[in-house]
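J.: whatever this is, show me its structure:
(one chain, ligands or ions: 1)
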Amino acid sequence: MTIGIKIISEEQLTSTNTYAIKLLTVEKPPEGTIIRAGYQLAGRGQPGTSWESEKDKNLLFSIILYPDMIRPDQQFIVSMALSLGIHDFVSRYVPHSAIKWPNDIYVKDDKIAGILIESSTMGEKIHYLVAGIGININQEKFVSHAPNPVSLKQITGKEFDLNKCFGELAQDLDNRYSFLKYDKTEEIKKEYHKNLYRFGKLSGFSGPEGAFTGIIKKVDDDGRLIILKGSGEIGHYYFKEVEFVL
Ligand code: BTN
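T.: A predicted model of the protein is given here:
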């Protein structure tokens, strides 16, 4: 077991990612160390966004990893593995979950979880990678402007035991991360695509060129979304360069 080997749990932190990155400046915690919080004063989402989570209602944590088997330009595979781990957990409780590129977890058209990856590289090596995970479990009302958030409780009508969920999720993440350690990256890529939101389906997008329709063909090793456009051209997009228009 790697993920969950050590757990630092706090009632409240500014952000578990910020805490983990600060910790890494003074020590090298064992790989798989998790920093968990019941509440974040300034939870961070993807650049320019915040992460809403009511106190003690959801899972908020960051994992410290040293994926030295992976080149920095290939690190999207870690994101694929962790998205799959969360997807495994969510799909145990609710149907219709999918991974929305690059690494959001959706149930139908609503977002139940997100991952914020922050890494530091040194030459050809990943020095560290902090994967911050927020997953909505028992929250019943969301007040921020986050688009379409949803929780397990909203979908099922049931209250979940947070600690039990945390234990299961850590195991699911560890399982998928171990695929990378044992060189099973092709399996991770295959499963990621199998569970990818709107993969192979005609969808509407908005990119630098304006609105267009197309079909997602693949996500590259560097995380780019490859879309076969209605015009017959192939488009390659980095994160934030394109979005779905539903
Ligand atoms: C996203 O916007 O999709 C990414 C959300 C990531 C949120 C988690 S909550 C735990 C960790 N600490 C943070 O400040 N952010 C991540």
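J.: what about the strands in the chain?
T.: Counting by DSSP state E, the chain has strands at residues 7-13, 34-40, 59-65, 97-100, 104-107, 110-122, 125-135, 202-207, 210-219, 225-229, 234-237, 243-244.
J.: redo the ones you listed as TSV? Include mean neighbour count and distance to Asn195.
T.: Yep, even glycine has a C-beta here, placed from its N, CA and C like the rest. Putting the strands of the chain into TSV (neighbours: other Cβ atoms under 10 Å; distance: least, Cβ to Cβ, whole Å) gives the following:
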stretch	mean neighbour count	distance to Asn195
strand 7-13	14	27
strand 34-40	22	24
strand 59-65	26	20
strand 97-100	22	5
strand 104-107	21	9
strand 110-122	19	13
strand 125-135	22	16
strand 202-207	15	16
strand 210-219	16	12
strand 225-229	18	15
strand 234-237	16	20
strand 243-244	14	16
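J.: could you dump those into CSV with distance to Lys22 added?
T.: Formatted as CSV, these follow (distance: least, Cβ to Cβ, whole Å):
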stretch, distance to Lys22
strand 7-13, 10
strand 34-40, 10
strand 59-65, 11
strand 97-100, 30
strand 104-107, 26
strand 110-122, 12
strand 125-135, 10
strand 202-207, 37
strand 210-219, 31
strand 225-229, 33
strand 234-237, 33
strand 243-244, 32
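J.: reformat those as JSON lines; add mean pLDDT and distance to the ligand.
T.: Below are the strands of the chain laid out as JSON lines (pLDDT from 0 to 100; distance: least, Cβ to the nearest ligand atom, whole Å):
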{"stretch": "strand 7-13", "mean pLDDT": "98", "distance to the ligand": "8"}
{"stretch": "strand 34-40", "mean pLDDT": "98", "distance to the ligand": "6"}
{"stretch": "strand 59-65", "mean pLDDT": "99", "distance to the ligand": "4"}
{"stretch": "strand 97-100", "mean pLDDT": "98", "distance to the ligand": "10"}
{"stretch": "strand 104-107", "mean pLDDT": "98", "distance to the ligand": "5"}
{"stretch": "strand 110-122", "mean pLDDT": "97", "distance to the ligand": "2"}
{"stretch": "strand 125-135", "mean pLDDT": "98", "distance to the ligand": "3"}
{"stretch": "strand 202-207", "mean pLDDT": "97", "distance to the ligand": "19"}
{"stretch": "strand 210-219", "mean pLDDT": "97", "distance to the ligand": "16"}
{"stretch": "strand 225-229", "mean pLDDT": "98", "distance to the ligand": "16"}
{"stretch": "strand 234-237", "mean pLDDT": "98", "distance to the ligand": "17"}
{"stretch": "strand 243-244", "mean pLDDT": "94", "distance to the ligand": "13"}
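J.: Lys189: which of these is closest?
T.: strand 210-219 (8.2 Å; Cβ to Cβ).
J.: now for the closest one, which elements pack on it?
T.: helix 185-194, strand 202-207, strand 225-229, strand 234-237 (3 or more Cβ pairs under 8 Å, 6 or more residues apart in numbering; DSSP states H and E).
J.: off-centre distance for that strand?
T.: Between the centre of strand 210-219 and the centre of its host chain there is 21 Å, according to Cα atoms, centre = their mean, to the nearest Å.
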